[in-house]
Each structure stands twice: as structure tokens, then as C-alpha cells.
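K.L.:
Generate coordinates for the sequence data below:
(one chain, ligands or ions: 1)
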Amino acid sequence: MEGKCILCGKKSLNIITEIEDFPVAAQHIPSADELEADRGETLRLCQCSRCSLLQLDNAPVSYYKDVIRSGGFSKSMMSSRKEQFRYFIDKCNLKGKKIVEVGCGAGEFLKVLDEFCVMAYGIEHDGKNVSLAQEAGCNVKPGFAEDENTVFPDALYDAFISLNFIEHQPKPNDYLQAIYNNTKEEAYGYITVPDSMITINGSGYYDLVRDHIAYYTDETARLLIGMNGFEIIESGNLDVYTLFYIVKKKRCIDRNAFLHVHDGLSGMLNTAVNGIKERGGHVAIWGASHQCFALLGTTDLKYHVDYVIDSAPFKQGKYTPASHVPIVSPDYFYDHRVECIIIMAFFYEDEITRMIRDRYGSDIKVLCLHESGGGGFAWRNMMRSVTYGGKYHEYKNHCMVIPLKIYPGCRYHKGVVCVL
Ligand SMILES: [Zn+2]
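P.N.:
Sure, this is the predicted structure:
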């Protein structure tokens, strides 16, 4: 270790305590002839000042990739796992799906998983465990979630299970990235990790174990899961010692949808102004906003618009960047009348519409542009209530809204032209 946090990567580890004579490994119990060589070592418990993960600043144990389940598999433990799996499979609709346990030991829990109508697979680093699992009839292959380039046997999977294994991992992000890349787009996961609140509260320093390189709390476990492309859909404590998380891979914004919005908007704007232009009319924009600059710069609208009105004196007399349309004051209109004004000052449509009606008369056509649907990365959903209804709606008595789907099936972008 180089004093770097294993979760966030910052060199910001503060030593909380150093404990001398600590057993070097929980899994190697010395025999009589090994006592001479067996010594404790100093355990350095640290906390990251950036992400707050509690962790050891000691090298990981040599066998951290192997799953060692030495605790007896009591009936209550097995029935508890059974209930957890049943809940996970029902909740995420995983009947008939491929589920992989990453770090499956000798397949102890895979046998439980096999009782449900799923295709259960296991990956295990320790060769002896792999043989034992295979002998027991489990579908287990050698492997380890090393990093993002790791290819699991039989991937891709619909879901994964990781049971008390993350706390052993000196590279937990790499471990989850391997899982991320070996699961399908909408995959689910079930993760358990020891809850270290007791250790952190100071009463359980003897809960520290050299095999566990990290001590997660709900806060730091969430950080780890979220940083690696998964969202938590349910979580809680299985018992005072164990946290569980049901997770799902996050959806990325659809790149094609992004492009379709441009094409759709461009077409919509052309349709909106063409009729007016064909009749020899003129069009202006209200609002020298960044949205106006972007739309003028990237569509043909810049060739059809005479000027942009803006009330801010510091913008007047200048030109829209990239598209070079003059920006003028509201008074400019009186000597340069247009038949249509497109409002591009989102959130202020009502106020500006009233202003246009009061100042310039009621015969001016006013167009507004809206995005709706809840994506929220470009424009906020202004008119959710009216766009989710039928084809035509009255909007505050002075506006006819015509919902126009720009990109069918895209949940982020539903364009709306409002003709007032
Ligand atoms: Zn950190």
C-alpha cells in the first residue's frame, strides 16, 4: 500500500490506531512446530479523510482472492440465505435467468440457489474449492473478478451475487468493474458486506481481522456501489453485523436520442417558421439565452430569423455567437415588425407572452419550445401536466399546446410546440 485510499484513490489516509501483536492471518492457525515462526504484527487502522472509508494500511493477506467459509453452515444460516435469495429472485424477476456468484467458495450457497428456478453459476479463485464445488454438482469455474478487462466464463449474466467478499478486496472498484462488464445491460445484483458500525464506535476493535482490508458502513458501501455504475434499489441490515444491497446497473443516456433531439428540433423549427416565411412574413426570437445561441448555431433557424430581442442592455447591439444574428432591445420591434416571435427564455414564457401581447398587440403569433419527460439535462419540464394528456390542451387560457414526440420511445425527449 502507498497510503492511498482503496476506494477513492486519494493519498489521504489518517492513522486511527496502531495495534501491536495482531495475528497476521485468521485462516492460518499454527501447529506446534510452527509456533517458533509465528509472530503477530502491527495492524494500522486508517480512515480516508476524503471518502471516510475505514481500512487497513497493511498489505492484503496472500489468499484474499479465495473464498474461505470456515464457519459451520448452520441450519439457520442456510435458511436465512434461502429467504434472501427467494426475495431477491422474486423482486428482480430472475426466474429462469443466469445468476453468477462471484467468489462462490465450494458452492455452499449455490446449492441453495439451485432450489429456485434459475441458472446458477459460480466463479472461484481457489482450485480446491472449484473441485469441491464441481464434485458437488455445482456449475463452478475457476476465475476472479480482477478488473474491467476480466472475462468471466459463460458471461454475460442477468444477475450477480457477492456475499461478504468485498471487504477482503484491496481493489474493490476493479472487482465491481469486472462484475459490471460481465453482466447484461439491466442486470441486478445482491451484495452483502459486514456492517462496521460496531468497530467504528470503538467497542469492537477485536472485530478487526487481518483478512478484512476494508470496514464498510452503509455510507461507504453506497459510495462504492454508486461509483461503479450500480444504483441501489433496496438496502438494509440482515442483522447487526451485515448490510445487504439489491442493486441494478444504471442506465446511460441514449446517445442516439441526443442526436435525434437535434434532428427533431431542427425539423420542428423549420415547420414552424416555413409557413410564415412563405407568406412573406418575418420571424424574431425573444431571449438571447444560451439555448437560443445553441439552437441558432446548430440549425437552419439562423437563416430565417431577423433579430433576437432581449431586455438586458448589455446584450443589445451585439450578435448571437456562431450564428451572428443581431440582438436588439424590445423597442426595435416597432420599426421592424415581425409576424411571429419564438420565445427562448425558458421559465419566463408566461411573463414574456403577456409582455408581447401588451406591447405589440394580440395578432402576433408566439411560439414556445419545451422539453418534457423528466430527463432534465437540457431543459426542465415546464408543462408536464399538459403534455401528458391528449392531443390538444388549453394552457392557462391563452395557449394551445400541440404535443410532438421528437423521438418515439425515448423517455427523455418529448418536444412540444406551443402556439399561443
Ligand atoms: Zn477515500
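K.L.:
how about the helices of the stretch 1-150 of the chain, start to end?
P.N.:
75-91, 108-113, 127-135 (DSSP state H, counting those that start in this stretch).
K.L.:
Can you spell out which helices and strands pack onto the longest one?
P.N.:
Here helix 75-91 touches helix 108-113, strand 157-163, strand 183-194, strand 230-239, strand 242-249, going by 3 or more Cβ pairs under 8 Å, 6 or more residues apart in numbering; DSSP states H and E. Every C-beta, even on glycine, is put in place using the N, C-alpha and C of the backbone.
K.L.:
tilt between the third one and strand 230-239?
P.N.:
Here strand 183-194 runs at 30 degrees with respect to strand 230-239, directions being taken by axes from the mean of the first three to the mean of the last three Cα atoms, to 10 degrees.
K.L.:
Could I get the buried residue list for strand 183-194?
P.N.:
In terms of neighbour count (16 or more other Cβ atoms under 10 Å), strand 183-194 has its buried residues at Thr183, Ala187, Tyr188, Gly189, Tyr190, Ile191, Thr192, Val193, Pro194.
K.L.:
hang on, the earlier thing: please work out which of the helices of the stretch 1-150 of the chain is packed deepest.
P.N.:
When the helices of the stretch 1-150 of the chain are scored by mean count of other Cβ atoms under 10 Å, the highest mean neighbour count falls to helix 108-113 (a mean of 22).
K.L.:
give the contact list for Gln55.
P.N.:
Each residue near Gln55 by Cβ atoms under 8 Å, 6 or more residues apart in numbering is listed here: Cys5, Ile6, Leu7, Leu13, Leu45, Cys46, Gln47, Cys48, Ile213, Ala214, Tyr215.
K.L.:
on that earlier part again, to the ion, which of the helices and strands packed on helix 75-91 lies closest?
P.N.:
Among the helices and strands packed on helix 75-91, the nearest to the ion by Cβ to the ion is strand 183-194 (16.2 Å).
K.L.:
all helices of the stretch 201-350 of the chain, in order?
P.N.:
Secondary structure of the stretch 201-350 of the chain by DSSP H, counting those that start in this stretch: the helices cover 218-227, 255-278, 290-298, 349-360.
K.L.:
which parts of the stretch 151-300 of the chain sit against the ion?
P.N.:
Not one residue of the stretch 151-300 of the chain sits near the ion, judged by Cβ under 5 Å from the ion.
K.L.:
pLDDT below threshold where in the stretch 151-300 of the chain?
P.N.:
Regions of the stretch 151-300 of the chain meeting the criterion pLDDT under 70 cover residues 202-203, 257-261, 264.
K.L.:
Select, out of the helices of the stretch 201-350 of the chain, the one closest to Pro326.
P.N.:
helix 290-298 (11.5 Å; Cβ to Cβ).
K.L.:
buried stuff in the closest one?
P.N.:
Buried residues in helix 290-298, counted by 16+ other Cβ under 10 Å: Cys292, Phe293, Ala294, Leu295, Leu296.
K.L.:
domains for the protein, by residue range?
P.N.:
Listed domain ranges for the chain are 75-249, 255-419 (source: automatic domain parsing).
K.L.:
How about Asn129, nearest residue that isn't a chain neighbour?
P.N.:
Closest residue to Asn129 apart from its sequence neighbours, by Cβ to Cβ, 6 or more residues apart in numbering: Ala106 at 4.7 Å.
K.L.:
Make sure that neighbour is actually in contact with Gly122.
P.N.:
No - between Ala106 and Gly122 there is no contact under Cβ atoms under 8 Å: 9.2 Å.
K.L.:
Can you give the contact residues for stretch 116-134?
P.N.:
63, 65-68, 85-86, 89, 94-107, 110, 113-114, 138-145, 152-154, 157.
K.L.:
what does the model give the residue of the stretch 51-200 of the chain found nearest the ion for pLDDT?
P.N.:
Going by Cβ to the ion, the ion is nearest to Cys51 of the stretch 51-200 of the chain, at 3.3 Å. In this model, Cys51 is scored at 96, pLDDT.
K.L.:
can you pull the contacts of it?
P.N.:
Cys5, Leu7, Cys8, Lys10, Thr220, Leu223.
K.L.:
buried subset of these?
P.N.:
Neighbour counting by 16+ other Cβ under 10 Å classes Cys5, Leu7, Cys8, Thr220, Leu223 among the contacts of Cys51 as buried.
K.L.:
ChimeraX command to pick out the buried ones of the contacts of stretch 116-134?
P.N.:
A single ChimeraX command selects the buried members of those (16+ other Cβ under 10 Å):
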select :65,66,67,68,85,89,94,97,98,99,100,101,102,103,104,105,106,107,110,113,114,138,139,140,141,143,144,145,152,157
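K.L.:
if you look at the contacts of stretch 116-134, which of them are in strands?
P.N.:
Using DSSP state E, the members of the contacts of stretch 116-134 that fall in strands are Lys98, Ile99, Val100, Glu101, Val102, Val140, Lys141, Pro142, Tyr157.
K.L.:
Out of the helices of the stretch 1-150 of the chain, the one nearest Gly361 is which?
P.N.:
helix 75-91 (59.9 Å).
K.L.:
what pLDDT, on average, does the closest one get?
P.N.:
Mean per-residue pLDDT for helix 75-91: 92.
K.L.:
Show me the shaky parts of the stretch 1-150 of the chain.
P.N.:
Along the stretch 1-150 of the chain, segments meeting pLDDT under 70 span 1-2, 70-73.
K.L.:
ok, back up a step: mind putting the helices of the stretch 1-150 of the chain into a markdown table with distance to Asp239?
P.N.:
Shown next, in a markdown table, are the helices of the stretch 1-150 of the chain (distance: least, Cβ to Cβ, whole Å):
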| stretch | distance to Asp239 |
| --- | --- |
| helix 75-91 | 9 |
| helix 108-113 | 17 |
| helix 127-135 | 25 |
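K.L.:
For those helices, give me a markdown table that also has distance to the ion.
P.N.:
Supplementary listing: those in a markdown table, determined by distance: least, Cβ to the ion, whole Å:
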| stretch | distance to the ion |
| --- | --- |
| helix 75-91 | 29 |
| helix 108-113 | 30 |
| helix 127-135 | 31 |
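K.L.:
quick one: which of those is nearest Pro30?
P.N.:
With Cβ to Cβ, the closest approach to Pro30 among the helices of the stretch 1-150 of the chain belongs to helix 127-135: 20.3 Å.
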